[in-house]
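> coords please:
(chains A, B, C and D)
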Protein chains: 4
Amino acid sequence: MAPGETMGTSEELADLLNRMPGWVKEMGITILSASPDEVTCELEIGEKHHQGYGIVHGGVHCGVVETLASVGAALVAMPRGQRVVGLENSTSFLRAVREGRLRGTARPLARGRTSQVWEAVIRDEQGRLVAQGRVRLLCLDQERPLG
Amino acid sequence: MAPGETMGTSEELADLLNRMPGWVKEMGITILSASPDEVTCELEIGEKHHQGYGIVHGGVHCGVVETLASVGAALVAMPRGQRVVGLENSTSFLRAVREGRLRGTARPLARGRTSQVWEAVIRDEQGRLVAQGRVRLLCLDQERPLG
Amino acid sequence: MAPGETMGTSEELADLLNRMPGWVKEMGITILSASPDEVTCELEIGEKHHQGYGIVHGGVHCGVVETLASVGAALVAMPRGQRVVGLENSTSFLRAVREGRLRGTARPLARGRTSQVWEAVIRDEQGRLVAQGRVRLLCLDQERPLG
Amino acid sequence: MAPGETMGTSEELADLLNRMPGWVKEMGITILSASPDEVTCELEIGEKHHQGYGIVHGGVHCGVVETLASVGAALVAMPRGQRVVGLENSTSFLRAVREGRLRGTARPLARGRTSQVWEAVIRDEQGRLVAQGRVRLLCLDQERPLG
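Numbers count the residues shown, from 1 in each chain, chains lettered A, B, ... in the order given. From the prediction side, this is the model:
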């Protein structure tokens, strides 16, 4: 997306993201809304998300946190002509989950020109906290390689 | 696995783990060896592991780190009649990767009766560090629910 | 404190904590209020808190986060006859600070019988976020040694 | 220090660091050696480092980790005319300590032009792991403010 280009509505943007191939699709994440202030998603848990004991693998929660933070930070960075790349992901697992629909929400803690920090929570259908994570991202001007 | 039961060789154990359905298989991880002192794996990167900019999604690295740590900690816990559950995953992304074969190795930092800490590194085919992470796990006696 | 003993008001408890020698006093932290739902504190920044470039050393922010989380988790654990010990501290530095009064607030993310997770934010006098951290603590029954 | 200026020996540099006022001195840390490849320090534990239960406060361990990583990263950055500022500190507490002399060692995981990652371990006099941490730092060209 070019700097200054219109991003469309939060729903149009979510649609666009949900059509992209890659790890977000593999995880089964559906982005519900996406803005520079908040990103939300849903995820229907199945057996493919389990680890050996039959509960959701911690890597799934980390991946949801990483996805939400990256989408939000990218939306902040794009109008500046920047891209973002994740530096650190720190996720706490708060409740074991076997099935059902999870909902994730991320909000920014810092949206600097050089780096951003977003935090995300994942809740189950009863609204109970399942995981909480924080992601630090680096903002790169377009001419800079991703690493 | 029952307390005191023989675990077989590291390779037999790896085979067993690689046949299990779930998130480890979804990620495409192959466990190469697994003991209470070290766990190693390989992962062939494909487009399915990418995020929007065409590099490996951070959630993949977190998931590899979580898998290696969990397998190692479970091997420590099993002879005691315990299971393990991840509490915290903290992963640093050190180098962007687009393709090729990644190799992960995890070793224990602490193997207490109540909790364990394992750290893992992921390297590319040139041996360069791609990610490093640390996982804290809780050891649960068998009668305790996973949460 | 014995299980079931009355803890007094949040202010009485804060007074008690502020009279204790040790690292909390060394840091210059004043606990303002302390309950199982929220802990708050203040800290007047001086040159002793600086690192080499004249800004507050990151270890100060980590220490404030650790203190707030530990006090909160201890208040949850005491009525159960438990003590708590920190397992993990993950802190993001969001804004460099040179002087002035910082205010910290911690709230629980999980208050399980085996472990707890608390998150804390530190703000400057203008209310801007300076740091955010998360602490995982283990709950130990009184007869268990601290490690 | 100006870009290109000679830094002297590791011991001269350690001496210089140990004479500086601020939080490193408050913690009681003595830097033993400092180079772009490794930084080591010692710390004699006293009652001032304790939390309420009489063990070393987690903020002390975080502060040691932060100090070692910052010194190492600064030594990498200085010859480039850069300064460094900590972004993230993630520290695991592995063993409770009451007294004695602790020794810390930090080594780089990544020394990029934009950011660095250092990891540090803290051991007791018996060589047992007491804490392990990882710090992400941002490299800033001299004209850039620290935040």
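> From now on I want contacts and neighbour counts done on CA atoms only, so please keep to that.
Noted.
> I'd assumed B:Lys48 was in contact with A:Gly22.
Yes: using CA atoms under 8 Å, A:Gly22 is in contact with B:Lys48, at 4.2 Å.
> Tell me the confidence at A:Ala106?
On the pLDDT scale, A:Ala106 is placed at 98.
> you'd agree it is in a strand?
Yes: A:Ala106 sits within a strand when classified using DSSP: H, G, I helix; E, B strand; the rest coil.
> all strands for chain A, in order.
Using DSSP state E, the strands of chain A run over A:29-34, A:39-45, A:82-93, A:100-111, A:115-123, A:129-141.
> In a markdown table: those, plus distance to chain D and mean neighbour count.
Below are the strands of chain A laid out as a markdown table (distance: least, CA to the nearest CA, whole Å; neighbours: other CA atoms under 10 Å in any protein chain shown):
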| stretch | distance to chain D | mean neighbour count |
| --- | --- | --- |
| strand A:29-34 | 25 | 22 |
| strand A:39-45 | 23 | 20 |
| strand A:82-93 | 8 | 26 |
| strand A:100-111 | 11 | 21 |
| strand A:115-123 | 9 | 24 |
| strand A:129-141 | 8 | 25 |
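> Would you mind putting the ones you listed into a markdown table with distance to chain B alongside?
What follows is the strands of chain A, written out as a markdown table (distance: least, CA to the nearest CA, whole Å):
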| stretch | distance to chain B |
| --- | --- |
| strand A:29-34 | 12 |
| strand A:39-45 | 11 |
| strand A:82-93 | 4 |
| strand A:100-111 | 15 |
| strand A:115-123 | 14 |
| strand A:129-141 | 9 |
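> Export those as a markdown table, with columns for distance to D:Val76.
Shown next, in a markdown table, are the strands of chain A (distance: least, CA to CA, whole Å):
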| stretch | distance to D:Val76 |
| --- | --- |
| strand A:29-34 | 39 |
| strand A:39-45 | 37 |
| strand A:82-93 | 19 |
| strand A:100-111 | 26 |
| strand A:115-123 | 20 |
| strand A:129-141 | 20 |
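> For the lengthiest helix in chain A, list the C-alpha coordinates in CSV.
Assignment by DSSP state H gives helix A:58-77 as the longest helix of chain A. Extracted in CSV, the C-alpha atoms of helix A:58-77 (Å, rounded to 0.1, in the frame of the first residue of the first chain):
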residue,chain,number,x,y,z
GLY,A,58,0.9,-22.4,23.4
GLY,A,59,2.2,-21.6,19.9
VAL,A,60,-1.3,-20.9,18.8
HIS,A,61,-1.8,-18.3,21.4
CYS,A,62,1.5,-16.7,20.6
GLY,A,63,0.6,-16.7,17.0
VAL,A,64,-2.8,-15.0,17.6
VAL,A,65,-1.0,-12.3,19.7
GLU,A,66,1.6,-11.8,17.1
THR,A,67,-1.0,-11.5,14.3
LEU,A,68,-3.1,-9.0,16.0
ALA,A,69,-0.1,-6.8,17.0
SER,A,70,1.4,-7.0,13.6
VAL,A,71,-1.8,-6.0,11.8
GLY,A,72,-2.3,-3.1,14.2
ALA,A,73,1.2,-1.9,14.0
ALA,A,74,1.2,-2.2,10.2
LEU,A,75,-1.9,0.0,10.0
VAL,A,76,-0.1,2.7,12.1
ALA,A,77,3.1,2.4,9.9
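> quick one: is it near chain B?
Yes: Helix A:58-77 is in contact with chain B by CA under 8 Å from any CA of the partner chain, via A:Gly58, A:Gly59, A:Val60, A:Cys62, A:Gly63, A:Val64, A:Glu66, A:Thr67.
> Buried residues of that helix, list them for me.
Buried residues in helix A:58-77, counted by 16 or more other CA atoms under 10 Å in any protein chain shown: A:58-77.
> Any idea which residue is closest to the centre of chain A?
A:Leu68 (1.4 Å; CA atoms, centre = their mean).
> Hmm, that residue is touching A:Ala120, no?
Yes: contact criterion CA under 8 Å: A:Leu68 and A:Ala120 qualify, at 7.1 Å.
> Pull up the overlap in contacts between the two.
A:Gly104, A:Thr105, A:Ala106 (CA atoms under 8 Å, 6 or more residues apart in numbering or on different chains).
> For the nearest residue to the first one once chain neighbours are set aside, give me its contacts.
Counting by CA to CA, 6 or more residues apart in numbering or on different chains, A:Ile122 is the residue found nearest to A:Gly104 once chain neighbours are left out, at 4.3 Å. With contact taken as CA under 8 Å, 6+ apart, A:Ile122 is in contact with A:His61, A:Val65, A:Leu102, A:Arg103, A:Gly104, A:Thr105, A:Leu129, A:Val130, A:Ala131, A:Gln132.
> ok, now A:Leu32?
A:Glu11, A:Ala14, A:Val39, A:Thr40, A:Cys41, A:Glu42.
> got the contact list for the spatially closest residue to it that is not a sequence neighbour?
Excluding its sequence neighbours, the residue lying closest to A:Leu32 (CA to CA, 6+ apart) is A:Cys41, at 4.9 Å. Contact analysis of A:Cys41 by CA under 8 Å, 6+ apart lists A:Ile29, A:Thr30, A:Ile31, A:Leu32, A:Ser33, A:Leu68, A:Arg103, A:Gly104, A:Thr105.
> what does chain A put close to chain C?
A:Ser90, A:Ser92, A:Leu94, A:Leu109, A:Ala110, A:Val117, A:Leu129.
> how about these in TSV, adding pLDDT?
Below are those laid out as TSV (pLDDT from 0 to 100):
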residue	pLDDT
A:Ser90	98
A:Ser92	98
A:Leu94	98
A:Leu109	98
A:Ala110	98
A:Val117	98
A:Leu129	98
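> Tell me which two of those sit farthest apart.
The span of the residues of chain A next to chain C, defined through CA to CA, is set by A:Leu94 and A:Ala110 at 23.9 Å.
> if we can go back for a sec, ok, the contacts of A:Ile122 vs C:Arg136, which is closest?
A:Gln132 (11.8 Å).
> residue contacts, the closest one?
Each residue near A:Gln132 by CA under 8 Å, 6+ apart is listed here: A:Val65, A:Thr91, A:Ser92, A:Phe93, A:Leu94, A:Glu119, A:Ala120, A:Val121, A:Ile122.
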